[in-house]
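> Dropping the sequence and predicted coords here.
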Amino acid sequence: MKKQVKSLVHPELRPGMAELQVALTMLSAAQRRLTWRAKKGGDATTQERLRALIFLAEGDATHGAIGRHAGLNAPSVTALVDDLEKRRLVQRRRDDADGRIWWVSLTDAGLTEVERLYSDWIDVLHAALEDVSDDDIEASCRVIQRLADGIDTLGPVD
């Protein structure tokens with residue numbers, strides 16, 4: 001005899017929230033696929049890498065600043081910078097006043113790569129959202145930020 005599974009839909013769940021959960025799961029899965037393809041293909045197109053490169057296009061930064069901006073922990077920043085340095089997209093230099101601090105800056109090739117990657121992402125955004133109103137995009141940004149803040153409250157603290 002098969003057991004009945006209790007409905008997991010909460011009675012107070014507002015309309016559309018279940019759809020939002022599915023959409024966020026699909027977005028998260030798409031980002032994981034992109035990361036996997038980037039690692040497999042040796043490309044630099046993950047969101048974290050793009051955020052780090054765009055941040056560096058604004059000027060030199062320390063590993064800590066890159067991590068905070070890209071949402072990465074220290075080991076991930078080190079791996080990212082190592083990879084970008086190997087690709088000759090960035091270079092490191094020691095701080096003159098404090099030898100414990102390393103500064104990271106874009107090379108000319110890195111700046112060219114940032115421009116290419118950013119243009120590619122803008123093309124994707126335009127194609128995916130061309131029929132979505134600016135008001136809907138702004139509302140989506142607010143919802144996603146609130147969800148990110150909420151998710152950050154779950155689980156143990158680092």
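Yep, it's here.
> Just after the least confident helix or strand in the chain by mean pLDDT, pick out the following helix or strand.
Every helix and strand of the chain was ranked by mean pLDDT, DSSP states H and E. The lowest is helix 17-41, at a mean of 80. Sequence order places helix 47-57 as the next helix or strand after helix 17-41, per DSSP states H and E.
> Outside of that next one itself, list whatever touches it.
Helix 47-57 is contacted by residues 31, 34, 38, 44, 61, 65-66, 69-72, 76-77, 80, 84, 89-90, 104-106, 110-111, 113-114, 117-118, 121 when judged by C-beta atoms under 8 Å, 6 or more residues apart in numbering. (Each C-beta comes from the backbone N, C-alpha and C, glycine too.)
> Which of the residues you listed are buried? Put it as a ChimeraX command.
Buried residues among the contacts of helix 47-57 (16 or more other C-beta atoms under 10 Å), as a ChimeraX selection:
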select :38,44,61,65,66,69,70,72,77,80,84,89,90,104,106,110,113,114,117
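> Kindly export the helix or strand harbouring residue 126 (C-alpha atoms) in CSV.
Element membership of residue 126, judged by DSSP H and E, is helix 108-129. Output of helix 108-129 as CSV, limited to C-alpha atoms (Å, rounded to 0.1, in the frame of the first residue of the first chain):
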residue,chain,number,x,y,z
ASP,A,108,45.5,45.3,-21.9
ALA,A,109,44.4,41.9,-22.9
GLY,A,110,42.2,41.8,-19.8
LEU,A,111,40.5,45.1,-20.6
THR,A,112,39.8,43.8,-24.1
GLU,A,113,38.3,40.6,-22.6
VAL,A,114,36.2,42.6,-20.2
GLU,A,115,34.8,44.6,-23.1
ARG,A,116,34.0,41.4,-25.1
LEU,A,117,32.4,39.6,-22.2
TYR,A,118,30.4,42.6,-21.1
SER,A,119,29.1,43.1,-24.6
ASP,A,120,28.1,39.4,-24.8
TRP,A,121,26.2,39.6,-21.5
ILE,A,122,24.4,42.8,-22.6
ASP,A,123,23.4,41.1,-25.8
VAL,A,124,21.9,38.2,-23.8
LEU,A,125,20.1,40.5,-21.5
HIS,A,126,18.6,42.5,-24.3
ALA,A,127,17.5,39.4,-26.2
ALA,A,128,16.0,37.8,-23.1
LEU,A,129,14.3,40.9,-21.8
